[in-house]
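1. Got a sequence here, can you build the structure:
(chains A and B)
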Number of protein chains: 2
Amino acid sequence: MPEQIAADSVGLVQPQTLQFDQPLSLRSGRVLPHYQLVIETYGELNAERSNAVLICHALSGHHHLAGYHSMDDKKPGWWDSAIGPGKVIDTNHFFVVGVNNLGGCHGSTGPQSINPETDLEYGPDFPIVTVRDWVQSQARLADRLGIQQWAAVVGGSLGGMQALHWSIDYPDRLRHCLMIASAAKLTAQNIAFNEVARQAISKDPAFHGGRYKDHATIPKQGLMLARMLGHITYLSDDSMREKFGRELRSGKLSYNYDADFEVESYLRYQGESFSGAFDANSYLLMTKALDYFDPSVDFDHDLVATLQGAKCGFLLVAFTTDWRFAPERSREVVDALIAAGKDVSYAEIESTHGHDAFLIPIPRYMDVFGRYMNRVAADIGLGAAKQGLS
Amino acid sequence: MPEQIAADSVGLVQPQTLQFDQPLSLRSGRVLPHYQLVIETYGELNAERSNAVLICHALSGHHHLAGYHSMDDKKPGWWDSAIGPGKVIDTNHFFVVGVNNLGGCHGSTGPQSINPETDLEYGPDFPIVTVRDWVQSQARLADRLGIQQWAAVVGGSLGGMQALHWSIDYPDRLRHCLMIASAAKLTAQNIAFNEVARQAISKDPAFHGGRYKDHATIPKQGLMLARMLGHITYLSDDSMREKFGRELRSGKLSYNYDADFEVESYLRYQGESFSGAFDANSYLLMTKALDYFDPSVDFDHDLVATLQGAKCGFLLVAFTTDWRFAPERSREVVDALIAAGKDVSYAEIESTHGHDAFLIPIPRYMDVFGRYMNRVAADIGLGAAKQGLS
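-> Next up is the predicted model:
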């Protein structure tokens, strides 16, 4: 519980649910006849409707970016370190929008929603949605909010893929794309890790082909394994060494199969917490969206051609010890943007935190991010108001 | 099936089972009252008994190093590329010994053996054995074979840890230690991967606390997941890209949860094959032996002090894209050996193959390895006979 809410917090916030009745045609060929999106917003949309920033979430993220839902909340939204009055994404100046993506499990239409064709939960029948589908649904959201053009679309990891897809699909609808710790497509190794996670979930006897609710159970073991594995790949060898080393839980080896090392009990705890909090069908869907992402497929696998139509400015950020989305993957995008003649800035941030670094307020990262956001502010005529921050 | 056996193969070979009746006191404090070891040997022990080379196996390895058990065998022993007449470990000159370690599942005493105290299978009650215990059992094996001093003890990965422990525990009983793609201890990241594998196996409902045989089942899903995950860590991001890229199985995305990419079906196949072939309790035990390995614990965590008593020559080899046992881990050992004033050679081999590279006959690797084995041969007076090879 926050004893008192910090002055640079967005404070107590509430999500809103928006209903969309126009059918959404998905990349898979299937159609969502209607759907809802849960969002949160912070700050005020200005009269010109020019100061809106969309934040796209990663695998297990959602719309609750910053602040608290109640004074009983133990933790703020997942990107509270970056979003708030006076912070890098300054809610004194920007109107910030967070949205839970379709297929998720935090209120937007997904596997836990009722399928209008059957009047039962979709469960495993919920269509696989892609990054492009999400961006299309986010464009509809922009229409609803009266936002013709985002000042910026920002995302880390899977969120960065959405930001990039915005620049390709709706070049006139964003001024800036901030793609952090991301990639133009997954490598085979990343797909392989996702596949192990999917097998862990779908082969859990409690999964019941995705109909676990009908059996009043959840595939907890599978979700736990998926999260433990995910967690290893979000950290780095260095950060695990710094955080845990070979520290023993009880000072000596057990010579049995209990957790001997601190890192083991930490991972078990992380896995168990997650397994009670995230929907298995959503997890499978999110990993498929990651695997499937490759906008160059529509451009004969030519990334330069893929990005040729983009009109926004780009900031890419990568972190030295991120091996899930390594700096090389960001540099591929930067190189393609340069070859396509685009306006791109790139920062490679020294960090021991692995992929998780994108959520951590590392000083040089915050500095680069903040300076770029000042440029975004200047572009929409907020330069004077923001000068104090640079 | 080998249509005909190559001239540089050790040919058709047979394992032998040796019985040991002297109790073995384990690091855990437990005692094996008696035990058996399954071995294979190739080449001839010379009159001076000076030309013996011990090969220590890795996680899922065993005593069958080279050649074939029958003309129906589809594949030769696991290190056939390095062992045979005229090969790097030349059986025309050396007497090569392979042993299945205690706790394994290929014939030596382990979880599938009968516990003399209960007349039932040990199963999960088999004591956790450590690298030190293995080395002690291998020293008894040397006694039995009449080998006072090995010309060399050689191992990759977990096998390299055994080779290193030989140099610490029995400094007079080996002339050379060849430690390949290994480390002086696991990192937290490696322990974390092992813990995910153990959780996958032990939380599989078919595991039954390790008493799966009593339930006429095996924890196939858990073993499959453990092997899929292991496999990812044995390869490199580069090798997976070369081998699979983002190739699709059927040319297009399925938009369901089937395997879309080649890498997914490859891993599923690898996992399934392994799950029918390896004992779950042995797998758990082998991963604990890996986690527990840290000979410096007995020397106040000082690796230089740990290695001070060693008398043999050392060759360490690491591979550039091996991220499970990265070159840094080998260099830590090399640095400590230099600080301790030991005779050490080190080669870092360019390879895209990740950890698996140690099993692959990469030309520069084979060249370094072969030249070092020539030096081993020269040390025991086989110089003239081996000259043609260098």
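
2. quick check, residue A:37 in a helix?
-> No - the assignment for residue A:37, made by DSSP: H, G, I helix; E, B strand; the rest coil, is strand rather than a helix.

3. Just confirm it contacts residue A:108, I think it does.
-> Yes - Residue A:37 is in contact with residue A:108 according to C-beta atoms under 8 Å; the separation is 4.9 Å. Where you see a C-beta, it was placed from the backbone N, CA and C, and this is true even at glycine.

4. what sits in contact with each of these two?
-> Shared contacts of residue A:37 and residue A:108 (C-beta atoms under 8 Å, 6 or more residues apart in numbering or on different chains): A:99-100, A:102.

5. Strands - which of these land there?
-> With strands taken from DSSP state E, the overlap with the shared contacts of residue A:37 and residue A:108 comprises residue A:99.

6. near chain B, from the shared contacts of residue A:37 and residue A:108?
-> Filtering the shared contacts of residue A:37 and residue A:108 for proximity to chain B by C-beta under 8 Å from any C-beta of the partner chain leaves nothing.

7. Skip the chain neighbours and tell me the closest residue to the residue of chain A positioned farthest from its centre.
-> Most distant from the centre of chain A: residue A:255, at 40.7 Å, with distances by C-alpha atoms, centre = their mean. Excluding the flanking residues, the one nearest residue A:255 by C-beta to C-beta, 6 or more residues apart in numbering or on different chains is residue B:28, at 3.8 Å.

8. Residue A:176 now?
-> residue A:152 (4.1 Å).

9. thinking again about what came up before, closest to residue B:278 out of the shared contacts of residue A:37 and residue A:108?
-> residue A:102 (41.5 Å; C-beta to C-beta).

10. which residues does the residue in the stretch 251-390 of chain A positioned nearest to chain B contact?
-> For the stretch 251-390 of chain A, the residue closest to chain B is residue A:255, as judged by C-beta to the nearest C-beta, at 3.8 Å. Neighbour list for residue A:255: B:27-30, B:127-128 [criterion: C-beta under 8 Å, 6+ apart].

11. which of those residues sit farthest apart?
-> Maximum pairwise distance among those (C-beta to C-beta): 10.6 Å, between B:29 and B:128.

12. What residues does the stretch 201-350 of chain A have near chain B?
-> A:202-205, A:221, A:224-225, A:228-229, A:232, A:235-237, A:240-241, A:243-246, A:253, A:255-257, A:259-261, A:263-264, A:267-268, A:271, A:284, A:288, A:291-292, A:294, A:323, A:326.

13. outside of the lengthiest helix in chain A, which residues touch it?
-> Longest helix in chain A, counting residues (DSSP state H): helix A:363-379. Contact partners of helix A:363-379, identified using C-beta under 8 Å, 6+ apart, comprise A:53, A:82, A:88-90, A:93-94, A:151-152, A:175-176, A:178, A:180, A:313, A:315, A:317, A:319, A:345, A:347, A:349-351, A:357-358, A:383, A:385-386, A:389-390.

14. Can I get the buried ones among the residues you listed as something I can paste into ChimeraX?
-> The ChimeraX selection below is limited to those of the contacts of helix A:363-379 classed as buried (16 or more other C-beta atoms under 10 Å in any protein chain shown):
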select /A:53,82,88,89,90,93,94,151,152,175,176,178,180,313,315,317,319,345,347,349,351,357,358,386,389
